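Participant: Below are the sequence and a predicted model for it; my questions follow.
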Amino acid sequence: MAQEEQIVRDESVVSGRHFRSLEDGRVQCDVCPRHCRLSAGQRGLCFVWGRLDDEVVLTTYGRSSGFCIDPIEKKPLNHFLPGTPILSFGTAGCNLSCRFCQNWDISKSREFDTLQEQASPEMIARAARQTGCRSVAFTYNDPVIFLEYAVDAAAACREQGILSVAVTAGYVCPEPRADFFSVMDAANVDLKAFSNDFYKNVCAAELEPVLDTLVYLHHETDVWFEITTLLIPDENDSRAELEAMSAWIVENLGRDVPWHFSAFHPDFKMTNKSATSLDTLQRARRIAKEAGVRHVYTGNVRDANGQSTYCSGCDAVLIGRSGYTLSTWKLDPKGCCLECGRRCPGVFDAEPGDWGSRRMQVRPADFIR
C-alpha cells in the first residue's frame, strides 16, 4: 500500500505522534489499523503520512482544500446546535478506499496544489469567531489522517469558545483515537455497512475498528455523536443487514443515538449503480425505528417527515426541517418537549439558530487580527 514520494520538510510537515521503528528498518504508522510500514521516502495509503528520516510525518499541516460556512445539519448533525453555522474544512487524502466516495476529488487527491488555503489553528479559530460560527467541522476528507492539525485547531477553537466537530469514518487506532476525540465536542461517524465483506471489498478496510470507535465514543467520552449510513442499492440495503445493524446499535449504543440514512448517487468507481430511491431510505428508517432506534433520519433527499425531529414520548414535532432550514421549534430552553416535557437527547441552545441552508466560502487569512 505504501507509495514512493519525496518528502521535504517545510512548514506543512510536522512529526507524527503515533509510529514505531521496526526491526527490519522500516517505520510503522500507527494512526489507523492499516499500520503502513514505510521505507525511506514512502507514503502510506492515505498519501499524507510519510516517512522522513526515521519519523512518520504529516505533510499537510496548516494546508486546506478550502473553507466554507455550512449549516450544521449538513454534517449531518440534527441534535447538535440546530440551525447554527459551522466553519467547515478538510485537507487531502484518505485512509479508506471507498469505491463510492462522494468526495473523491479531495479524498483521493494526489495533487497538493489542491491545498490552496493556508491557515494556522489560531487563524481557523479566529475566523470562526469573527464570522459568528458556533463550531468548526473537520470534514470533506477524514480528519483522522490530519490528526495533529485537527487536534491543534480544536484546542485553539476551545480557547475561543468555539466547539469542534469531527466527520469521520472512525477507522483509527485506540491511542490516537483518544488523542483525537479528547478535543472534539461532537462527531458524525460513517457506519458504511454491517458486513466485513463490504468493508473489505468496497472500502479496503475492516468493520470491527469502526464498531470499536462507536462503542468507545458512547462509553468512554462525552462527545455527542450521530451515525450516517450511505445506502447503496443492492450493496448494503438488505432488510437482514439493516435489522442486524439496528439491533447492534440499540444493544451497544442505546436507543437515542441519531442515525442518518443518506442517498447514494453514482460517482467515482461506482457509476454503474443507480441512485438510492426515497422508498429505500424510508424503508430503512422504518426498520431502524421498529428495532427501537428513536431518532432516524433520511438525507440527500427532500423528505420533511424523515428530516424532522420528533419527541420520543408523545411524537410531537420538536424540530421541523425543510432541507437544512428549520421550520418548527418546540423545545423549551432546557431541550425538553413543550407538549409532554420529555428531554430530547442532544446539545441545544435555548433558541434555534437561523443560518438556514446558506453556504459561504471564506478565507481565514482575511481574518488576521
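Facilitator: Yep, that arrived. Residues are numbered from 1 along each chain as shown.
Participant: and residue 1, what pLDDT?
Facilitator: At residue 1, the model reports a pLDDT of 54.
Participant: Check the one 5 residues further on too.
Facilitator: Residue-level confidence at residue 6 comes out at 68, pLDDT.
Participant: can you list contacts of the longest helix along the chain?
Facilitator: Ranked by residue count and defined by DSSP state H, the top helix of the chain is helix 239-253. By C-beta atoms under 8 Å, 6 or more residues apart in numbering, the residues outside helix 239-253 that reach it are 191, 193-195, 211, 214-215, 218, 227, 229, 257, 259, 283-284, 287-288, 290-293. To be clear about C-beta, it is placed using only N, CA and C from the backbone, and glycine gets the same treatment.
Participant: Mind checking which of those are buried?
Facilitator: Among the contacts of helix 239-253, those buried by neighbour count (16 or more other C-beta atoms under 10 Å) are 191, 193-195, 211, 214, 227, 229, 257, 259, 283-284, 287-288, 291, 293.
Participant: Take those residues and keep only those in strands.
Facilitator: The strands, defined by DSSP state E, take in 227, 229, 259 from these.
Participant: and which of those is nearest residue 172?
Facilitator: Ranked by distance to residue 172 (C-beta to C-beta), those are led by residue 227 at 15.8 Å.
Participant: burial of residue 328, as a residue count?
Facilitator: When neighbours are counted by other C-beta atoms under 10 Å, residue 328 registers 15.
Participant: Distance of it relative to residue 312?
Facilitator: Distance, residue 328 to residue 312, by C-beta to C-beta, to the nearest Å: 16 Å.
Participant: Likewise for residue 28?
Facilitator: Remark: distance between residue 28 and residue 312 (C-beta to C-beta) = 46 Å.
Participant: coming back round to it: can you redo the ones in strands among the buried ones among the contacts of helix 239-253 as JSON lines with pLDDT and distance to residue 273?
Facilitator: Shown next, in JSON lines, are these (pLDDT from 0 to 100; distance: C-beta to C-beta, whole Å):
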{"residue": "227", "pLDDT": "98", "distance to residue 273": "22"}
{"residue": "229", "pLDDT": "98", "distance to residue 273": "16"}
{"residue": "259", "pLDDT": "98", "distance to residue 273": "22"}
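Participant: Show me what residue 87 is bridged to.
Facilitator: Beta-bridge pairing of residue 87 under DSSP bridges involves residue 69, residue 136.
Participant: can you pull the pLDDT of it?
Facilitator: 97.
Participant: Hmm, residue 133 and it touching each other?
Facilitator: Yes - Residue 87 lies in contact with residue 133 (C-beta atoms under 8 Å); the separation is 4.4 Å.
Participant: so what sits against both of these two?
Facilitator: With C-beta under 8 Å, 6+ apart, residue 87 and residue 133 have common neighbours residue 69.
Participant: about what we covered before: just the buried ones among the contacts of helix 239-253: which are in helices?
Facilitator: Per DSSP H, the subset of the buried ones among the contacts of helix 239-253 in helices is 211, 214, 283-284, 287-288.
Participant: Redo those residues as TSV? Include pLDDT.
Facilitator: Compiled in TSV, these are given as follows (pLDDT from 0 to 100):
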residue	pLDDT
211	98
214	98
283	98
284	98
287	98
288	98
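Participant: and which of the residues you listed is nearest residue 92?
Facilitator: Of those, the one sitting nearest to residue 92 (C-beta to C-beta) turns out to be residue 214, at 26.0 Å.
Participant: quick one: the closest one from residue 175, how far?
Facilitator: Residue 214 sits 18 Å away from residue 175, taking C-beta to C-beta as the criterion.
Participant: how about the strands of the stretch 251-369 of the chain, start to end?
Facilitator: Taking DSSP state E, counting those that start in this stretch as the test, the strands found in the stretch 251-369 of the chain are 259-263, 296-299, 309-310, 317-322, 325-329, 360-362.
Participant: could you pull out the helices for the protein?
Facilitator: 104-107, 121-130, 147-159, 174-181, 196-203, 208-220, 239-253, 278-290, 304-307.
Participant: any idea of the mean pLDDT for the first one?
Facilitator: Across helix 104-107, pLDDT averages out at 59.
Participant: residues in contact with the residue nearest to the spatial centre of the chain?
Facilitator: Nearest to the mean C-alpha position of the chain, counting by C-alpha atoms, centre = their mean, stands residue 167 at 1.2 Å. By C-beta under 8 Å, 6+ apart, the residues touching residue 167 are 75, 137-140, 142-143, 187-188.
Participant: Ends of stretch 233-244, what's the gap?
Facilitator: Stretch 233-244 has an end-to-end distance of 17 Å (C-alpha to C-alpha, to the nearest Å).
Participant: buried set for it?
Facilitator: Using 16+ other C-beta under 10 Å as the test for burial, stretch 233-244 gives 235-237, 241-242.
Participant: now do stretch 124-139
Facilitator: Buried, per 16+ other C-beta under 10 Å, within stretch 124-139: 124-129, 131, 133-139.
Participant: now swap in stretch 270-278 and tell me
Facilitator: So for stretch 270-278, counting by 16+ other C-beta under 10 Å, buried means 270, 273, 276.
Participant: same thing with stretch 251-264?
Facilitator: By neighbour count on 16+ other C-beta under 10 Å, the buried set for stretch 251-264 is 253, 257-264.
Participant: okay if I get these as TSV plus distance to residue 333?
Facilitator: Output for the buried residues of stretch 251-264, formatted as TSV (distance: C-beta to C-beta, whole Å):
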residue	distance to residue 333
253	27
257	24
258	21
259	27
260	26
261	31
262	31
263	35
264	38
